[in-house]
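>>> Sequence first, predicted coordinates after that:
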Amino acid sequence: MTKPPQFDLLIVGAGPAGLSAAAEAAGHGLGVAVLDEFPEPGGRMLGQFHEEKGHWWVGRREAEQLLKKCAALGVEIRCGVSVYGMVRPGNRWVVRTTGGSLTAARVLLATGAAEIPRPCPGWTLPGVMSIGAAQVLANVHYVKPGQRGLIIGVNTLAMAIARELAVSGVPIAGIVLPGPGPLSGEDASPKANLAKLMGLAHLAPSPFMRIGGRIARTLGMAGPAARFFPRGGLKIWDIPLMLRTQAVSINGKERVESVTLADVTGAGELIPGSEREERVDFVALAGGLYPLAELAAVAGCPFMHVPELGGHIPLHNEQMQTPVEGLYVAGNITGIESALVAMAQGRLAAAAVCGDAGVLGYLRESKLLEAMREVRRVRSSASIQFAPGIPYARERVYQHYAEFLEAGVLNEQMN
């Protein structure tokens, strides 16, 4: 019987975190393989670009550089392969995939995030897609999702991709709130959305939102500010951001033809008689992102719910180690942040792996400290941040990890 291929480190996910970790670990002499279910490595980096401190950060270019580095270091990258099982019967992981089983001393999960679906009346019509799908069409396949579109949902993901679509020459009629309903929650509230944007006011492209956001946040004026927010919206990159407008329904016979919009009060109550039709041929639903963490559950990792980080995340420490021996995490599986943060986390996870594998020698502590400082630096300066309070949320996770381990040690001593 043929033995499964063996590696020092097996990485699941060929996005920014996974590729960065692979290059770093292979650079220290580890045998590394990277698995990804998509046909091309690079993850969502392939469709991302944004302004970063006076220059354009282009994800595809970053991915190409990482892939060249991985190839030169002998990293094995297997695409079109799905992982469906993980067990650790001894001192090595056995990872079950659609391409056969592999074994590794250590596994890094860098599986990224998935979009939160946001159903609304008419959302099954052709021409309705997630905001991420619109991004992939325009920036990966260079196909316009339509001639004129509308984005439903106000969040960092919607704002970032709206900017990309505008730069790519895709006309956007506006960014509006979803209609009220059990799945919309506070996402349909002008007040809640404005408070969320105020928390990110230092990143806002509009001077009104930068300056006014700071003042209103300081004075606790999210409610009053929502009442006075212009009904026609505020233009961001020539795209109207309409916090006083909700999407009532998506209309069309065989495909999207229009969206029924209605004005709402600052409290989110629909204003009778304000309904109108916005002619568009595609709609992008922006429900946000959540960590894609199922494999961590399969591996037996405990979880923690952290709203600022996108929901349930695998419990881990600042060095990206989980309580499960030989299991590490990096990137959006640990909480929703930018690709630059994911890359820094990937390098940190690789440093932890190399330290645990004994290949860093006396440099172990200094390498880990340097990598942790770099993650903090990148996080604090990132131009795209998905929620206020991320650094504090991270500290809560690390504290909970320490308490979890301490409780486990106490239980062992008592038994």
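That came through fine.

>>> N317 is in contact with A402, correct?
Yes: here A402 reaches N317: they are 7.4 Å apart, a contact under C-beta atoms under 8 Å. Every residue, glycine included, has its C-beta placed from N, CA and C.

>>> higher neighbour count, those two?
Between A402 and N317, N317 has the larger neighbour count (other C-beta atoms under 10 Å), namely 17 against 10.

>>> list the buried ones in the host helix or strand of R376?
Element membership for R376 (DSSP states H and E) is helix 364-381. Neighbour-count burial for helix 364-381 flags R364, K367, L368, A371, M372, E374, V375, V378, R379 (criterion: 16 or more other C-beta atoms under 10 Å).

>>> possible to save those as CSV with pLDDT?
Listed next are the buried residues of helix 364-381 as CSV, based on pLDDT from 0 to 100:
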residue, pLDDT
R364, 94
K367, 95
L368, 96
A371, 96
M372, 97
E374, 97
V375, 96
V378, 92
R379, 92
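
>>> Tell me the one among those residues nearest to V259.
Ranked by distance to V259 (C-beta to C-beta), those are led by R379 at 36.3 Å.

>>> Mind listing the strands the biggest strand by length in the chain pairs with, and their directions?
Secondary structure of the chain read by DSSP state E shows that its longest strand is strand 239-251. Applying DSSP bridges, strand 239-251 is found paired with strand 172-178 (parallel), strand 234-236 (antiparallel), strand 258-263 (antiparallel).

>>> Contact partners for the residue nearest to E294 when sequence neighbours are not counted?
Spatial nearest neighbour of E294, chain neighbours left out: T111 (7.9 Å); criterion: C-beta to C-beta, 6 or more residues apart in numbering. Applying C-beta atoms under 8 Å, 6 or more residues apart in numbering to T111 gives the contacts V12, G13, L292, A293, E294, L295, G331, N332, I333.

>>> So the second one sits against M45, correct?
No: with the criterion set as C-beta under 8 Å, G13 and M45 do not qualify as a contacting pair; they are 11.5 Å apart.

>>> ok so, going back, now the contacts of T111 in CSV, with neighbour count, pLDDT and secondary structure?
Formatted as CSV, the contacts of T111 follow (neighbours: other C-beta atoms under 10 Å; pLDDT from 0 to 100; DSSP: H, G, I helix; E, B strand; the rest coil):
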residue, neighbour count, pLDDT, secondary structure
V12, 25, 98, strand
G13, 32, 96, coil
L292, 19, 96, coil
A293, 24, 95, coil
E294, 14, 95, helix
L295, 22, 96, helix
G331, 33, 96, helix
N332, 33, 96, helix
I333, 28, 97, helix
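
>>> Please tabulate those residues in CSV, including the columns distance to L102.
Formatted as CSV, the contacts of T111 follow (distance: C-beta to C-beta, whole Å):
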residue, distance to L102
V12, 10
G13, 15
L292, 20
A293, 21
E294, 18
L295, 14
G331, 20
N332, 23
I333, 19
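
>>> Please find the angle between the direction vectors of the lengthiest helix in the chain and helix 364-381.
Among the segments of the chain that qualify as a helix by DSSP state H, the longest is helix 390-414. Taking axes from the mean of the first three to the mean of the last three C-alpha atoms, to 10 degrees, one finds that helix 390-414 is oriented at 140 degrees with respect to helix 364-381.

>>> Which strands or helices does helix 390-414 pack on?
Counting contacts by 3 or more C-beta pairs under 8 Å, 6 or more residues apart in numbering; DSSP states H and E, helix 390-414 packs against strand 303-306, helix 364-381.

>>> Now render the ones you listed as a markdown table, adding distance to P391.
Formatted as a markdown table, the helices and strands packed on helix 390-414 follow (distance: least, C-beta to C-beta, whole Å):
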| stretch | distance to P391 |
| --- | --- |
| strand 303-306 | 12 |
| helix 364-381 | 6 |
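
>>> out of those, which comes closest to V154?
Of all the helices and strands packed on helix 390-414, strand 303-306 sits nearest to V154, with 21.4 Å by C-beta to C-beta.

>>> Walk me through which strands the closest one pairs with, and which way each runs.
Here strand 303-306 has these sheet partners by DSSP bridges: strand 311-314 (antiparallel).

>>> contact partners of the helix or strand following the strand it pairs with?
Scanning forward in sequence from strand 311-314 by DSSP H and E, the next helix or strand is strand 327-329. With C-beta under 8 Å, 6+ apart as the test, strand 327-329 has contacts from 93, 106-110, 296, 299, 301, 314, 316, 320-322, 349, 352-353.

>>> which non-adjacent residue is nearest A188?
Residue nearest to A188 in three dimensions, not counting chain neighbours: P180, with 4.6 Å by C-beta to C-beta, 6+ apart.

>>> Now do that neighbour, the pLDDT please.
On pLDDT, P180 comes in at 82.
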